[in-house]
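*Asks:* Attaching a predicted model along with its sequence, questions to come.
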Amino acid sequence: MWARLRLKGIRTSKQRTLRLMREANLLAPGQPRRVLGPRVHDGSIIPAMPNMMWGTDGTGVWTERDGLVTVFAAIDHSTAECVGIHATKHANRFEALEPIRQGVRAAYGSYAARVASGLIVRHDNGSQYVSRHFQSELAFLGIESNPSFVRSPEGNGCIERFFRTLKEQLLWVRNFIDAEDVRRAVTEWIRLYNEHWLIELHGHRPPAAVRRELLAQKASA
């Protein structure tokens, strides 16, 4: 909100913006801070260019007709852009691959053997991601599987941070009828997120704009 006010020419401090929003009860619900054990991930998982590392995971949302619906997503670690998203009643290994399929087709223009060579996919150790089918599909595409360490969710922190935004801005603030209703909603929201969500890490610029800038720099180098 502070960044959007600046874009409109309204100058104020982050602290004042936070205080006024808190007084008006406009802040998203908070989560209690948990105490982490020894960190096993050192260094950075933010690459310099797009399509070097993606992160993928799933989260759940309750619907009136279908009960629990799973939302699978994949994001680019460099730009924070969502490269694929999928809502389904069946949280299995086949459905978990759908965001990767979407991202590969969009980024590489086809879906074929070794087409995504050089790409790394970070995921947790959930049953969908360690399954033979999921791993075989990554190998077919030329993608390197890169699981985070067990009981160290911060190693998959990019997609976890994205899901926090998705929940606060969509999944937690409206009711859904069924899986198809969730699918339509997240598909529309992703278009807005990629083109308009301001990422502090990138100087309060949207993910799609960062991707275009980085790819232009790469092409001119």
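*Replies:* That came through fine.
*Asks:* Specify the local secondary structure of residue 58.
*Replies:* The local conformation at residue 58, judged by DSSP: H, G, I helix; E, B strand; the rest coil, is strand.
*Asks:* Against residue 173, how distant is the closest residue to it other than its chain neighbours?
*Replies:* In space, and not counting its chain neighbours, residue 58 is closest to residue 72: 4.5 Å by CB to CB, 6 or more residues apart in numbering. Every residue, glycine included, has its C-beta placed from N, CA and C. Applying CB to CB, to the nearest Å, the value for residue 72 to residue 173 is 20 Å.
*Asks:* Have a look at those two and say which one is more surrounded.
*Replies:* Neighbours were tallied for residue 72 and for residue 173 using other CB atoms under 10 Å; the higher tally belongs to residue 72 (22 against 10).
*Asks:* so that one sits in a strand?
*Replies:* Yes: under three-state DSSP, residue 72 falls within a strand.
*Asks:* so who does the residue nearest to residue 58 touch?
*Replies:* Residue 72 makes contact with 56, 57, 58, 85, 86, 87, 88, 91, 95, 96, 98, 99 under the criterion CB atoms under 8 Å, 6 or more residues apart in numbering.
*Asks:* TSV for those residues, including neighbour count and pLDDT?
*Replies:* Output for the contacts of residue 72, formatted as TSV (neighbours: other CB atoms under 10 Å; pLDDT from 0 to 100):
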residue	neighbour count	pLDDT
56	25	97
57	25	96
58	22	96
85	22	98
86	22	97
87	26	98
88	19	97
91	17	94
95	17	97
96	27	97
98	17	97
99	24	98
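*Asks:* Which of those residues fall in helices?
*Replies:* Among the contacts of residue 72, DSSP state H puts 95, 96, 98, 99 in helices.
*Asks:* and of those, the nearest to residue 79?
*Replies:* Among those, residue 99 lies closest to residue 79 (CB to CB), at 15.4 Å.
*Asks:* Spatially nearest residue to that closest one, not counting backbone neighbours?
*Replies:* residue 84 (3.1 Å).
*Asks:* doesn't residue 98 make contact with the one you found?
*Replies:* Yes: with contacts counted by CB atoms under 8 Å, residue 84 reaches residue 98, the gap being 6.7 Å.
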